[in-house]
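Participant: my questions are about this predicted structure, shown below with the sequence.
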Amino acid sequence: MTVAAVPNTTVIVTNLQSGEVVANETLAASQRSIGLDDLKPGLYRINGTLEGYTSDEKTFKVVPGKPGRVDLNLVPKRYDLTINLNADSGQVMFRQGNEAPQMMMKFQNKRAVLSGLYAGQYNLEIVPDDSAFERQQGISVNVPAENNKLVTLDYNLSTKEFSSAQTSTGDWELPTGWRFATSGAITAGERGVALPRASDVRHYKDFQLVTDVRMLNGVAVSFVLRAVDAQNYYLIQLTGAKADDPYVLRGFIVQGGQARPFPSKYPISQLASTLKSGKDFNLRLTVKGRRIDVTVTDSETAESLPLGSLEDPAQTFSKGAVGVAVRDSEKFVVGSFNICVNCPSS
């Protein structure tokens with residue numbers, strides 16, 4: 001008699017008349033059947049078991065001179081894995097081991113149930129919808145030993161007001177050649193990005209930046225929004241008479257130090273007198289979701305002028321630090337630099 005089953009199955013064959021166990025064998029990892037010879041005629045019970053599979057049992061009658069075959073149908077068991085989270089909604093990315101294709105399931109109400117999983121080790125990645133929560137990867141779960149997993153995501157969202165006047169040089173990551181005054185003013189010179197150091201002001205999501213600025217060489221003023229670090233951020237520029245593209249409001253999405261422009265830009269030649277070198281003006285950047293609204297106020301006339309709205313459809317950066325940058329050869333002074341989250345209406 002030949003007994004076929006999945007590899008690693010333990011096969012027990014019992015003579016039902018005598019009660020004798022005539023075979024108790026485990027298939028090798030590469031083996032799919034075993035052969036049994038010299039069986040006495042009669043009725044036999046063939047039982048197959050394997051961890052992680054439903055067992056199967058068949059009855060077979062051995063007849064003299066007539067070879068027979070028994071196929072045991074062991075089906076992999078399926079399990080449910082419940083994941084409890086502290087974020088309301090998002091996605092769970094998961095795969096079995098490192099080779100299997102990655103799958104995705106959305107979660108709601110701080111809970112996800114992954115159904116119909118085979119036994120084994122699973123690797124999870126949690127991608128929350130709320131960017132205040134940090135995505136987490138490299139989560140290992142052993143199914144079915146763990147059928148209920150608690151995942152607590154780190155929550156980082158800056159909500160405090162920030163003023164450069166209340167900081168010192170040591171509170172900033174300043175490029176070489178930049179100057180910081182005791183008043184909080186920053187003079188931007190060489191290429192680079194200046195960001196506050198403190199972790200509690202590195203995770204702004206929706207906010208408003210109000211700053212007083214003075215161009216020094218007529219090229220541009222440049223600000224960094226939602227910066228992950230000095231290589232990944234939104235860059236917003238108002239250009240002057242000596243820029244490569246004079247008198248425009250434009251934005252760039254900088255990833256890995258490589259910049260690509262926002263889909264739209266706005267002419268601002270009406271601000272030629274306001275953007276003269278050596279003249280102060282007030283700049284307000286309001287960031288909400290995918291949109292950045294830009295308004296300028298002339299320090300002499302007190303006239304406020306909305307310049308336009310820059311929008312990143314992909315919302316590449318959902319939160320981050322706010323800072324100052326030099327992209328090209330611009331030189332300028334940032335007098336005051338104030339960030340608020342719950343800002344009074346202007």
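Facilitator: Cool, got the structure. All figures in this text were calculated on a predicted structure; none of them were measured in a lab. Numbers count the residues shown, from 1 in each chain.

Participant: distance of residue 221 relative to residue 262?
Facilitator: Distance, residue 221 to residue 262, by Cβ to Cβ, to the nearest Å: 17 Å. For glycine as for every other residue, the C-beta is placed from the backbone atoms N, C-alpha and C.

Participant: give me the more crowded residue out of these two.
Facilitator: Set residue 221 next to residue 262 and count neighbours by other Cβ atoms under 10 Å: residue 221 wins out with 26 against 18.

Participant: partners of that one in the sheet?
Facilitator: Beta-bridge pairing for residue 221 (DSSP bridges): residue 238.

Participant: pretty sure it contacts residue 282?
Facilitator: No - shown here, residue 221 and residue 282 do not form a contact pair, counting by Cβ atoms under 8 Å, at 11.6 Å.

Participant: who touches both of the two?
Facilitator: Residues touching both residue 221 and residue 282 (Cβ atoms under 8 Å, 6 or more residues apart in numbering): residue 213.

Participant: contact partners for the nearest residue to residue 232 once chain neighbours are set aside?
Facilitator: Closest residue in space to residue 232, ignoring its immediate chain neighbours: residue 255 at 5.5 Å, by Cβ to Cβ, 6 or more residues apart in numbering. By Cβ under 8 Å, 6+ apart, the residues touching residue 255 are 231-232, 316.

Participant: likewise residue 195?
Facilitator: By Cβ under 8 Å, 6+ apart, residue 195 lies in contact with 172-173, 202, 224, 227, 230, 321-323.

Participant: quick check, residue 178 in contact with residue 191.
Facilitator: No - counting by Cβ under 8 Å, residue 178 does not reach residue 191; the two are 10.4 Å apart.

Participant: looking at the two, which has the bigger crowd around it?
Facilitator: residue 178 (18 against 14).

Participant: tell me the contacts of that one?
Facilitator: 186-190, 192, 194.

Participant: just the ones of the residues you listed in strands?
Facilitator: 186-188, 192, 194 (DSSP state E).

Participant: of those residues - the most surrounded one?
Facilitator: Neighbour counts for the ones in strands among the contacts of residue 178 (other Cβ under 10 Å) peak at residue 188, which has 26 neighbours.

Participant: how near is that one to residue 180?
Facilitator: In terms of Cβ to Cβ, residue 188 sits 10 Å off from residue 180.

Participant: joint contacts of those two?
Facilitator: With the criterion set as Cβ under 8 Å, 6+ apart, the contacts of residue 188 and residue 180 do not overlap.

Participant: just the helices in the stretch 101-250 of the chain please.
Facilitator: For the stretch 101-250 of the chain, applying DSSP state H, counting those that start in this stretch gives no helices.

Participant: what segments of it are strands?
Facilitator: 103-107, 111-118, 120-128, 136-143, 148-151, 162-163, 172-173, 179-180, 186-188, 192-196, 207-215, 220-229, 232-239, 248-255 (DSSP state E, counting those that start in this stretch).

Participant: among those strands, which is nearest residue 337?
Facilitator: strand 207-215 (4.9 Å; Cβ to Cβ).

Participant: could you check the angle strand 220-229 makes with that closest one?
Facilitator: Per axes from the mean of the first three to the mean of the last three Cα atoms, to 10 degrees, the angle that strand 207-215 makes with strand 220-229 is 140 degrees.

Participant: who does strand 207-215 pair up with?
Facilitator: Looking at strand 207-215 with DSSP bridges, its partner strands are strand 280-288 (antiparallel), strand 332-340 (antiparallel).

Participant: which residues touch the last one?
Facilitator: Contacts made with strand 332-340 from outside it, assessed by Cβ under 8 Å, 6+ apart, are listed as 161-165, 183-188, 201, 204, 207-217, 220-222, 280, 322, 324.

Participant: show me how far it is from its chain's centre.
Facilitator: 30 Å (Cα atoms, centre = their mean, to the nearest Å).

Participant: do the same with stretch 167-180
Facilitator: 30 Å.

Participant: start and end of it, how far apart?
Facilitator: Chord length of stretch 167-180, first to last residue, is 10 Å (Cα to Cα, to the nearest Å).

Participant: filter the contacts of strand 332-340 down to the buried ones, ChimeraX style.
Facilitator: Selection command for ChimeraX covering only the buried members of these, criterion 16 or more other Cβ atoms under 10 Å:
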select :162,164,184,185,186,187,188,201,204,207,208,209,210,211,212,213,214,215,216,217,220,221,222,322,324
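
Participant: from residue 273, how far off is the closest residue to residue 160 other than its chain neighbours?
Facilitator: Spatially, and ignoring its direct neighbours in sequence, residue 160 is nearest to residue 200 (6.3 Å; Cβ to Cβ, 6+ apart). From residue 200 over to residue 273 the distance is 39 Å, taken as Cβ to Cβ.
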